[in-house]
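A.B. asks: Show me the folded form of this:
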Amino acid sequence: MKKLTQFKKTAIQNWNDFWFKPLDLLPVSLFRFLFLSFLFVFYGVRYLDYDVIYTDMGFLPYRSLALIIPKESLSALPLEWLVKGDPTGRILYFILLIGLLLWAFGLLKRKFTFLVFLLHLAFFKRNPLMSYGADMVATFWLMYLCLVKNDQVSPLTSLFKMGRLGDSLSTVGCRFIQIQLCIIYAYAGIDKAQSAKWWQGSVLWDIFSNPQITPFDLTFLHHVPVLLVLFSLLSWFWEIYFPVLVWLPKWKPWVLGFGLGMHTTIAFAMGLPFFSLFMALSYLLFIPAQTLEGFLQKLLKRLHLNPTEFS
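C.D. replies: Residues are numbered from 1 along each chain as shown. Below you'll find the model as predicted:
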């Protein structure tokens, strides 16, 4: 009976520590800086086609939204209404860009990060036809980063100092990102496992041989069909077991390494660099702060930079 009681106490303590124990903010600080910087570039590139994407002169006028989006998918808060007109929409777009930069450098208070997130949602909902995996993943990461106290750790002033402990809410935000990543992979893997084409290994050839998807000529891969089949099986098998193996220290480097290779392939072979970046950057949250700091210290030394210059 005493052993059972002790086991319950230990389990409860481990559960509370997992969700609420303050974490070193170095991994999430670096993730935040890189992710938001690339998201700034993502929105900056998209602004080049602002008229086509977000105005009534484009392929989806505001009045046509109700015809495109099913009623059950509409939210109670019509944020897309904020950006339906010009120049209001453009002004809010630039506010979004500025907010992303301030947030990336840790110069935005936690309460103001929610405003940036709402602006992202407004443009996300304004033209759902332009949204794809990168937009969806960015929505998840932005929502959870709103919980992280980011203004006490900026990548330039405190990146190379230990003792960067956050608060309980920051820990919750980090755990949400980690668990969301596990859910994404698990659902993707289970979905692939139900498709005969993934078992046959023909899906990758269908992708690599399609010039409308791949920016490069990859038809030479028909000489190595075994590799296509093997990678097909490994990819969905890896996705299914990622939520378990990524928490095991012995398996973690191999799991993250395979994922990095997979997303690099997706970025170049399918022309989806931002989606791959947004997914792969979240791997930083699975790397211990001490390990990450040691790597960054070595990197700075190779670049002949003194880490104390940033503190």
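A.B. asks: hey, C-alpha coordinates of stretch 112-129 in CSV?
C.D. replies: Output of stretch 112-129 as CSV, limited to C-alpha atoms (Å, rounded to 0.1, in the frame of the first residue of the first chain):
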residue,chain,number,x,y,z
PHE,A,112,0.6,42.4,-27.0
THR,A,113,1.6,39.1,-28.6
PHE,A,114,-2.1,38.1,-28.6
LEU,A,115,-2.8,41.1,-30.9
VAL,A,116,-0.2,40.0,-33.4
PHE,A,117,-1.8,36.5,-33.3
LEU,A,118,-5.2,37.9,-33.9
LEU,A,119,-3.9,39.9,-36.9
HIS,A,120,-2.4,36.7,-38.3
LEU,A,121,-5.8,35.0,-37.9
ALA,A,122,-7.5,37.9,-39.7
PHE,A,123,-5.4,37.5,-42.8
PHE,A,124,-5.5,33.7,-42.5
LYS,A,125,-9.3,33.8,-42.6
ARG,A,126,-9.5,36.5,-45.2
ASN,A,127,-8.3,34.2,-48.0
PRO,A,128,-8.5,30.5,-46.9
LEU,A,129,-7.7,29.5,-50.5
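A.B. asks: Now it: buried residues?
C.D. replies: For stretch 112-129, burial by neighbour count (16 or more other Cβ atoms under 10 Å) applies to 113, 116-127. Using the backbone N, CA and C atoms, a C-beta is placed for each residue, glycine as well.
A.B. asks: contact partners of that stretch?
C.D. replies: 43, 53-54, 58-60, 62, 65, 68-69, 75, 78-80, 82-84, 89, 92-93, 95-96, 99-100, 103, 108, 131, 135, 138-139, 142-143, 145-146, 150 (Cβ atoms under 8 Å, 6 or more residues apart in numbering).
A.B. asks: what's the helix or strand hosting residue 186 packed up against?
C.D. replies: Residue 186 belongs to helix 168-193 when elements are defined using DSSP states H and E. Contact partners of helix 168-193 among helices and strands, from 3 or more Cβ pairs under 8 Å, 6 or more residues apart in numbering; DSSP states H and E: helix 2-20, helix 26-47, helix 133-145, helix 225-245.
A.B. asks: can those helices go into JSON lines with extra columns for mean pLDDT and distance to residue 177?
C.D. replies: Shown next, in JSON lines, are the helices and strands packed on helix 168-193 (pLDDT from 0 to 100; distance: least, Cβ to Cβ, whole Å):
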{"stretch": "helix 2-20", "mean pLDDT": "85", "distance to residue 177": "13"}
{"stretch": "helix 26-47", "mean pLDDT": "95", "distance to residue 177": "8"}
{"stretch": "helix 133-145", "mean pLDDT": "96", "distance to residue 177": "5"}
{"stretch": "helix 225-245", "mean pLDDT": "90", "distance to residue 177": "13"}
